[in-house]
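> I would like the atomic coordinates for the input below:
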Amino acid sequence: MIRKICEADREAFLRMSADFYASAAVSHPVPAAYHADAFDELMRSDAYAEGYMVEADGKPVGFALTAKTYSREAGGAVLWLEELYILEGYRSRGLGKEYFAFIEEHARRKGIARIRLEVAPDNVRARALYKKLGYVPLEYDQMLMELRGGIKGE
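Numbers count the residues shown, from 1 in each chain. I've put the predicted structure just below:
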């Protein structure tokens, strides 16, 4: 089951968020405070980001975060799938596929023009799922400038 994140999910989210950023699915860690900051933003408003809990066996076993933006290239709003994390023992049970069905329907209802995501180059398992679901590689390299810390430039 996929549901909107709520205040009661704080501890589960913080624990899984730390696990996610310590995993091979992420190319770099983030400062510990960013996990709590993200949760606080999710509770404050859904203007920029939305959070979801993935449940199985009556308990939270994963989380997902989305962010909203606008793209003239896409012709409208874009929903970024920022993060999807499922506990190791619950992977390969169809929960990722369930989340994508949920979020794609949500995006259609909201009139979203495009769904976009990032995946680490060596995350073969996630890449296979995304390809199977119809996602295609985007022929852009990304660049950024950190204004708050986070990733250090080369």
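
> what's the first-to-last distance across stretch 27-40?
24 Å (CA to CA, to the nearest Å).

> For that stretch, what is the distance to the chain centroid?
Averaging C-alpha positions (CA atoms, centre = their mean, to the nearest Å) puts stretch 27-40 13 Å from its chain's average.

> What residues sit buried inside it?
30, 35, 38-39 (16 or more other CB atoms under 10 Å). Yep, even glycine has a C-beta here, placed from its N, CA and C like the rest.

> Can you show me the strands along the protein?
Applying DSSP state E to the chain gives strands spanning 2-4, 49-56, 59-71, 76-86, 114-117.

> Can you add mean pLDDT and mean neighbour count and give the ones you listed back as a markdown table?
As requested, those are exported to a markdown table (pLDDT from 0 to 100; neighbours: other CB atoms under 10 Å):
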| stretch | mean pLDDT | mean neighbour count |
| --- | --- | --- |
| strand 2-4 | 97 | 13 |
| strand 49-56 | 97 | 19 |
| strand 59-71 | 96 | 18 |
| strand 76-86 | 96 | 19 |
| strand 114-117 | 96 | 16 |
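
> out of the ones you listed, which comes closest to Ala25?
Among the strands of the chain, strand 76-86 comes nearest to Ala25, with 7.5 Å by CB to CB.
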